[in-house]
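Colleague: coords please:
(chains A and B)
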Amino acid sequence: MRKLYLIVILFVFIILSGCKPDIILPRRREIKDLALVRVVGIDKSEEHPNGFMITTASKRLGPGADAEIMGSGKKNETGQGKSVLLTAEGKTEFEAVRHVQIHSDKQLFWGHVDYFLIGEEAAKENINRIIDFFTRDHEFRIKAKIYIVRGSTAKELMEQINKTEQFIVEKLDSLGQNIKVLSTSEEMKMWELIRFLDVHGSSARVPSIYLSKQQREGTTQNLYVESNGYAILKDFKLVSFIDRDISRGINLITNKLWSSVVVLKDPWGNDVSLEIVSSNTEVIPHFNGDSLEKVTLKTKVISNLDEIQSQIKGIEEDFIQSLEKKEAEILKAEMEKALKKVLEYESDCLGICDRISLSSPLKWQKIKDRWHEIFTQLQYEIQVDAQIERTYELNETSGYAGRE
Amino acid sequence: MGFRGVRWFLCLLFLKHWEQTSIFIKASLPMSIPGKVMRSIFCEKICIPFTITCNTRVRRYRKGTAVIMKFIKKIQNITSVDNEKNTYSSMELTTENIKKILSDSPDVQYQVHYINGCRNLPVTVIYIAGLVNKKIINDDILKPLVQEKVLSEANNFPDIINLIEKGIIYNAARKVNTKLDDTINDIINGSLALVFDKEKKAITFEVKEFEKRSITEPTNENVLKGSKDSFIEVLTVNRALVRRKLRTPNLRIKEIIVGTQTKTPINVIYIENITNQEIVDEVMKRLAEINVDGAIVAGSIEEYIIDNKRTVFPQVAITERTDKFCQHILEGKVGMIIDGLPIAYVIPVDTAMFYKAPEDYAQNYITSSFIRCLRYISSLITLFLPGFYISITTFHQEMIPTSLAESIIESKGDVPFPTNTSVLMLLIAFELLLEAGLRLPRTIGQAISIIGALVVGQAAVQAKLISPAVVIVVAVTGITGFTMPNQDYANALRILRFIFVISASIAGLYGVSLAFVALLYHINSLETFGVPYLSPFVANEGREMLQDTLIRIPLYKIKKRPSSFKPINKKRQE
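Modeller: Numbers count the residues shown, from 1 in each chain, chains lettered A, B, ... in the order given. The predicted structure is shown next:
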């Protein structure tokens, strides 16, 4: 009897496993018949008015790719890049994806997609239409990172990278890692974007990249892709970009600053470099009764003195204080500019409301419904408190003693 | 219900053939409650040898009474053979009869001696050459028999027998027999018999001495720190080895003889105020129920006394080390030594025992805890890895880290077979290599490793028959399988591995988890001599979970004996 129970239980397991009723068991596919798609580019279709053009990149595997992996150093004779790019169009994304499949000699597998690149034109229409398929379909991972391509289509950008010796994913990975030393942008995952759109009334910021036209002399290698601050979304639509000159302000406000460099003029007119090692921004709401009047952004930045161009003897307290003051001014200006631009487009993409709701949850309930109307009219005050903690290993610059 | 009805019907039908029927009933009613009742009624009277033969046949004979009649006749035949063997107990104890029974084997020696040279007092000396010590026979038995002055005073047989019985011929083990079969048993066991034909009496002296292997170092369970003596084929020696280690007067040794032809002595060893008596009784009962012609190979005892016949898991533990054996007895288990086997059995068992190696207790406890953990992990690896590999490469490709997935795709290149086929092929090739390595004579044993390494490892990959990833998976599976200290347990894992491979190729990880549920169910249903098979993990409310299982805590901290064996004296130390 117990054995009968066991059989019944196992049978129920199989029946109720949540698979399609006509296929009881999961579908099996050999891994060698798959092409692992690593990057998906989404652009506006040229044929269909509301359609999409999907570009996929997967790594070129096989004997041709082997030659380089083995370290022979030779470039591919065929002139092919490291990636296999496939493009197709369709009325919807799903249709386009199926059209891509038709062109592929292997079955496309979407579980390993690492990056979604959205073309500027496509992003200007409605980003929700773009991400719906990728978040709904079970094969995609929402931990994939997302970028908006400024100034060109995603397809163009992918084709350009493919001309170099780098695989697209490697390039984008290094881009995402390297941007942290300047903190002018960030890596954003699909799930972060979804959450942001849900919470902040369909506003969001998405990191953006662009194709740099800059050509370096003497080298055949071009700097193709560069990070370009943020793209700002309002009502699912791309409204503006925040360039790299002020985009650090956004990272400061949103506490996403890993490390950065601030270059100042010292009293003698020479340059001084500061390394920001940590920063913290507090959002302090000022309520009058139940209505929010003013928001103070109180930023504390801790930096180290890394480089002094002047020949000075000893580092005086005054000197440090003057540097701190100048640093605070620069950072405050960046934050103000970034905040102003964001407010100009009425995009609630900085996550200030999250912080208010956490610091004063009861009063937040009162203003929650009106937040989208009031946040542009609020008075924002930015206070930056910059501190220089260390000056590293030199007290006086080299060669100073000899001159004296 | 149908079966039970038929059984009762049969029971009534064959009430006349009392013995045979009851044998049949016992055979045909294995588990149901009326079966148990019947069993307890009939068990006492009936010899049970037929249960084993019957159990497999009963199903076929359920169909009709005619067939059953045939079966009964068969049993009668078997019994009659058995009875014939015992008929000589009614024969008289004379030299002629002994000669008739033992036939004219060249090793059986018959000599007639005159006691004290007196012609009317002849006595036949019978012994088997090779089993006896001739020097003792000459000096201590024949010499006094012929030359002892006291004997010359007696001139009739009864007086002589009386004198010998009282110690005129000095030997520690002498016995006066009046029965023929006792005498013959003694002769076969290496005694010398003085047969007095007129009196129908025989006196046997134990002068046993035969060639035996000396006590050597253990071959399979070697330990750096630890005793170097291992069991040998002779029961008395093994018993003495145990006595020498366990010097308690409470050590109990019970002997039982198994095998209608071989008459193999089996000793059951335990310590009286530690081991639970119920386990001892159960072991003795099951040994007594064995009725097999010979107990020469290990399986002939092992397979009869285990609880669950339909499982691959070992239900008795074996060891060739005396110290390990004594350690188990100290923990409240029952030891069993079979004459002729250089190993000893320990019953009952639990799963944790199969992960313990003797060197665990010789090394530092931190080191051995680490190695224990490795063993548990590697048993999981050897069980699941091939199935897991098949699952992730054919069903759940998203689980593989991307760069690994790409290199797997690359390495599989032009391999013609699907993953599950190539894994199965290679696993079977691996098993074949193992088996070949065992069978090969030692002198050409090198060849197998060359073939294994070159053919499977390299040539198959170069010929693109299998991908290198599969070779790595199977190699890791094999290596982790060898870390198991108990070979029987490792073999169980070897078989189960194939089940996981098959379920993985049908339904991926989902299939693997279903198979794992079934496996857990199976292991949980196992029980050996009243001890749950997963004992330290599932029983005792988990109290002994981490004492001497996954890790080994310092020995001075293990205050109690494992409670799953229900020892009488629970405390090991203060």
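Colleague: mind listing what the residue of the stretch 51-200 of chain A found nearest chain B touches?
Modeller: Among the residues of the stretch 51-200 of chain A, residue A:111 lies nearest to chain B; the distance is 3.0 Å by CB to the nearest CB. To be clear about C-beta, it is placed using only N, CA and C from the backbone, and glycine gets the same treatment. Each residue near residue A:111 by CB atoms under 8 Å, 6 or more residues apart in numbering or on different chains is listed here: A:36, A:139, A:140, A:141, B:397, B:398.
Colleague: which residues does the closest residue to residue A:355 other than its chain neighbours bridge with?
Modeller: Excluding its sequence neighbours, the residue lying closest to residue A:355 (CB to CB, 6 or more residues apart in numbering or on different chains) is residue A:283, at 3.9 Å. Judged by DSSP bridges, the bridge partners of residue A:283 are residue A:297.
Colleague: Please list all residues in contact with residue A:283.
Modeller: So residue A:283 contacts A:295, A:296, A:297, A:298, A:352, A:355, A:356, A:359 (CB under 8 Å, 6+ apart).
Colleague: show me the contacts for the third one.
Modeller: To tie it back to what came earlier, the one meant is residue A:297. A:253, A:281, A:282, A:283, A:284, A:335, A:339, A:380, A:381, A:382, A:383.
Colleague: Please repeat the previous calculation with a cut-off of 7 Å.
Modeller: Applying CB atoms under 7 Å, 6 or more residues apart in numbering or on different chains to residue A:297 gives the contacts A:253, A:281, A:283, A:380, A:382.
Colleague: Let me know the secondary structure of the last one.
Modeller: On the three-state scheme (DSSP: H, G, I helix; E, B strand; the rest coil), residue A:382 is labelled strand.
Colleague: Equivalent analysis for the second one, please.
Modeller: Three-state assignment for residue A:281 (three-state DSSP): strand.
Colleague: In this structure it contacts residue A:251, no?
Modeller: No. Taking contacts as CB atoms under 7 Å, residue A:281 lies outside contact range of residue A:251: 9.7 Å.
Colleague: neighbour count winner among those two?
Modeller: Taking other CB atoms under 10 Å in any protein chain shown, residue A:281 and residue A:251 do not tie; residue A:251 has more neighbours (26 against 22).
Colleague: And for whichever residue of the stretch 251-400 of chain A sits closest to chain B, nearest residue in space, chain neighbours not counted?
Modeller: Nearest to chain B in the stretch 251-400 of chain A, going by CB to the nearest CB, is residue A:258, at a distance of 24.5 Å. Take residue A:258 and drop its neighbours on the chain: the residue closest to it by CB to CB, 6+ apart is residue A:180, 4.4 Å away.
Colleague: Run a quick neighbour tally on that neighbour.
Modeller: Residues lying near residue A:180 (other CB under 10 Å) number 17.
Colleague: ditto for residue B:517
Modeller: As a measure of burial, residue B:517 has 14 neighbours, counting by other CB under 10 Å.
Colleague: since we're on the nearest residue to it once chain neighbours are set aside, how many residues are nearby?
Modeller: Setting aside the residues directly before and after it, residue B:517 is nearest to residue A:10 in space (CB to CB, 6+ apart), at 7.4 Å. By other CB under 10 Å, the residues close to residue A:10 number 15.
Colleague: next structured bit after the helix or strand hosting residue A:10?
Modeller: Taking DSSP states H and E as the criterion, residue A:10 maps to helix A:2-15. Going down the chain from helix A:2-15, the next helix or strand is strand A:34-44, by DSSP H and E.
Colleague: how about that following strand, does it reach chain B?
Modeller: Yes. Using CB under 7 Å from any CB of the partner chain, we find that strand A:34-44 touches chain B at A:34, A:36.
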